[in-house]
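Asker: Predicted model follows, preceded by the sequence.
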Amino acid sequence: MQFGAKSNWQKQLHNAALDQDQIEAQKERDREEQARRERERLNERLSEQGMPTRQEPYSRPKTSPSGTSVVYVYEVKIKNIGEKDIRKLAWDYVFSDPATERELGRRRFVSEIKIGPGKTKNVTMRTSTSPTGTVDAARAGKKSQNLYSESVIVQSIDYADGSVWKAASN
């Protein structure tokens, strides 16, 4: 596997309103997180059996009755430094505590892309699921981007010739 990566993420607010039911919103995020974990377990079993995995469905931005919506945008800049054309990329955006290095959240994405040898492409994914699902109250006043150490882990690359590279299991 040969590639280079650079990443960032941001939270986008549209028509912010103060009357959103925070308890119901947290319950919805918890349900989405549980569904994401179940999809990951299913995909691991499917992958072990040599069957195609299921992509995470695009989750539509949540909109309150007042029109409020929140979208988290994850972007990774991929450079193909290998000799084969890349066609599909499975990648995780990982959030960790900067002090303890403990993983706080992980977002998994599968991107259908075309990147030729020596070419670079920005890959952008959007979801209504927050980076970690929880916030440390002691850090609540800080900007979201300063709360975490971030990394991108490429899980697999599908090449145009039909070959596949997969990351070693931990």
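Answerer: Now that the structure is in, tell me what you want to look at. What you are looking at is a predicted structure, and each value in this text was computed from that prediction instead of being measured.

Asker: is it true that K79 touches N122?
Answerer: No. With contact defined as Cβ atoms under 8 Å, K79 does not reach N122; the gap is 10.5 Å. Quick note: C-beta positions are derived from backbone N, CA and C, even for glycine.

Asker: Which one's more surrounded, those two?
Answerer: Taking K79 and N122 together and counting by other Cβ atoms under 10 Å, K79 has the greater number of neighbours (15 against 12).

Asker: What pLDDT is listed against the more buried one?
Answerer: According to the prediction, K79 has pLDDT 91.

Asker: Adjust the sequence numbering to begin at 46 for everything that follows.
Answerer: All set: I'll call the first residue 46, so the last point we hit is now K124.

Asker: Next, work out how far apart it and I158 are.
Answerer: According to Cβ to Cβ, to the nearest Å, K124 and I158 sit 12 Å apart.

Asker: Likewise for L91?
Answerer: 21 Å.

Asker: shaky segments in this structure?
Answerer: Across the chain, the ranges flagged by pLDDT under 70 are 46-52, 55-67, 98-113, 178-191, 215.

Asker: show me where it has helices.
Answerer: 67-93 (DSSP state H).

Asker: and the longest strand for it?
Answerer: Longest strand in the chain, counting residues (DSSP state E): strand 148-160.

Asker: Give me the residues contacting that one.
Answerer: With contacts defined as Cβ atoms under 8 Å, 6 or more residues apart in numbering, strand 148-160 is touched by 81, 85, 98, 100-101, 117, 119, 123-125, 130-142, 166, 168, 170, 172, 174-179, 193, 200, 205.
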